[in-house]
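Engineer: Pasting the sequence and the predicted coordinates here, then a few questions.
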Amino acid sequence: MSSSRRGFLRDLAGSVRDVTADARKGSDPFLAPERLERYSRQLVLPEWSEAAQRKLAGASVLVVGAGALGSPVAMYLAGAGVGRLGIVDADDVELSNLHRQLLHFTPDLGVPKAHSAAAKLGFLNPEVVVEPYQVRLDAENAAGLLEGADLVVDCSDSFETRYAVNGACCAARIPLVEAGVLGMSGLVMGIRPGEGACYRCAFPEPPPDAPSCATAGVLGPAAGVIGSLQALEALKLLTGVGEPLVGAFLQADLALLSFLRVSVERRPGCPDCAAAYA
Ligand SMILES: [Zn+2]
């Protein structure tokens with residue numbers, strides 16, 4: 001180990017001790033030793049901070065879909081300390097889900113995914129308030145489900161839901177992380193309504209005859225990579241740490257491990273964006 005590395009670790013240990021000592025004095029319950037220990041490996045990141053942790057604790061995130069993408073998204077956000085997580089999913093756990101939907105186990109077969117997910121997330125981090133919604137998000141109920149959310153992460157597997165989420169987020173000016181995965185390829189896009197392109201700007205119409213995971217297949221780790229990227233972008237948007245992928249999407253060919261970042265301009269006449277720019 002280099003001397004500079006040893007010095008860094010010594011400084012780090014000192015700073016954690018200082019914060020822990022303050023917490024023991026009872027000056028701030030947010031800095032309780034158990035909480036500092038739980039989040040210690042992100043708190044020591046040079047890019048992270050106590051302020052970032054407090055932002056997460058005060059944040060409410062709606063995760064649409066508790067499947068292949070929603071599992072890593074919800075687990076990473078709960079683990080990181082997001083204050084409230086809403087989990088929207090109308091389906092029950094099926095045997096064909098288990099190779100890629102890591103929040104659900106074999107004994108959960110037949111259990112609503114929203115409730116199966118909420119139970120696991122409660123074990124992972126009891127500090128997080130998890131609210132399961134066993135319902136399919138659509139254009140009718142989207143605004144109500146999004147109410148109070150600081151960020152939405154769309155992990156659904158249908159274009160109908162994607163456009164409903166995008167429209168509702170634009171109307172309510174709630175930041176959104178979109179994604180999709182199929183086979184061994186995927187896509188992630190960050191949207192900050194009123195600041196550039198939305199999902200419908202990039203993809204005005206759903207592709208005709210789009211295949212599904214049931215017909216085209218999907219590899220579990222491919223969904224894990226795309227879901228993890230969604231969680232990463234969500235943490236960036238919530239805390240201001242790092243540079244979020246906004247006004248662009250990332251296209252991932254996981255068979256070749258090739259990633260392409262594509263900038264997207266706002267499309268004049270996009271009916272979803274119009275609400276955000278009104
Ligand atoms: Zn748009």
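Structural biologist: Cool, got the structure.
Engineer: where does this structure come near the ion, residue by residue?
Structural biologist: Residues of the chain lying close to the ion by Cβ under 5 Å from the ion are 198, 200-201, 270, 272-273. (C-beta placed from N, C-alpha, C; glycine too.)
Engineer: Quick one: those residues as a markdown table, columns for secondary structure too.
Structural biologist: Listed next are these as a markdown table, based on DSSP: H, G, I helix; E, B strand; the rest coil:
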| residue | secondary structure |
| --- | --- |
| 198 | coil |
| 200 | helix |
| 201 | helix |
| 270 | coil |
| 272 | helix |
| 273 | helix |
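Engineer: ranges for the strands of this structure?
Structural biologist: Ranges of strands in the chain, per DSSP state E, are 60-64, 84-88, 129-133, 151-154, 176-182, 185-191, 248-253, 258-263.
Engineer: Would you reformat the residues of the chain next to the ion as a markdown table and include pLDDT?
Structural biologist: Putting these into a markdown table (pLDDT from 0 to 100) gives the following:
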| residue | pLDDT |
| --- | --- |
| 198 | 97 |
| 200 | 96 |
| 201 | 96 |
| 270 | 94 |
| 272 | 93 |
| 273 | 87 |
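Engineer: pLDDT weak spots in the stretch 1-150 of the chain?
Structural biologist: 1-26 (pLDDT under 70).
Engineer: Using CSV, please lay out the strands of the chain together with distance to residue 111 and mean neighbour count.
Structural biologist: Formatted as CSV, the strands of the chain follow (distance: least, Cβ to Cβ, whole Å; neighbours: other Cβ atoms under 10 Å):
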stretch, distance to residue 111, mean neighbour count
strand 60-64, 17, 27
strand 84-88, 13, 24
strand 129-133, 11, 18
strand 151-154, 22, 27
strand 176-182, 23, 25
strand 185-191, 27, 24
strand 248-253, 31, 18
strand 258-263, 36, 11
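Engineer: Quick one, which of those gets closest to residue 117.
Structural biologist: Each of the strands of the chain has some distance to residue 117 by Cβ to Cβ; the shortest is strand 84-88, at 5.0 Å.
Engineer: and that closest one with strand 60-64, angle?
Structural biologist: With axes from the mean of the first three to the mean of the last three Cα atoms, to 10 degrees defining the directions, strand 84-88 sits at 20 degrees from strand 60-64.
Engineer: So which elements touch strand 84-88?
Structural biologist: Judged by 3 or more Cβ pairs under 8 Å, 6 or more residues apart in numbering; DSSP states H and E, strand 84-88 is in contact with strand 60-64, helix 70-80, helix 113-124, strand 129-133.
Engineer: Centre of the chain to the first one, how far?
Structural biologist: Its chain's C-alpha centre lies 8 Å from the corresponding centre of strand 60-64 when counted by Cα atoms, centre = their mean, to the nearest Å.
Engineer: what's in contact with it?
Structural biologist: With contact meaning Cβ atoms under 8 Å, 6 or more residues apart in numbering, strand 60-64 is reached by 70, 73-74, 77, 82-88, 137, 145-146, 148-156, 161, 165, 234, 238.
Engineer: one step back: and of the helices and strands packed on strand 84-88, who's closest to residue 101?
Structural biologist: Using Cβ to Cβ, the helices and strands packed on strand 84-88 put helix 70-80 closest to residue 101, at 5.2 Å.
Engineer: Can you show me the helices along this protein?
Structural biologist: In the chain, the segments counted as helices under DSSP state H are 3-24, 33-38, 40-43, 50-57, 70-80, 113-124, 142-146, 159-172, 199-202, 213-216, 220-239, 271-277.
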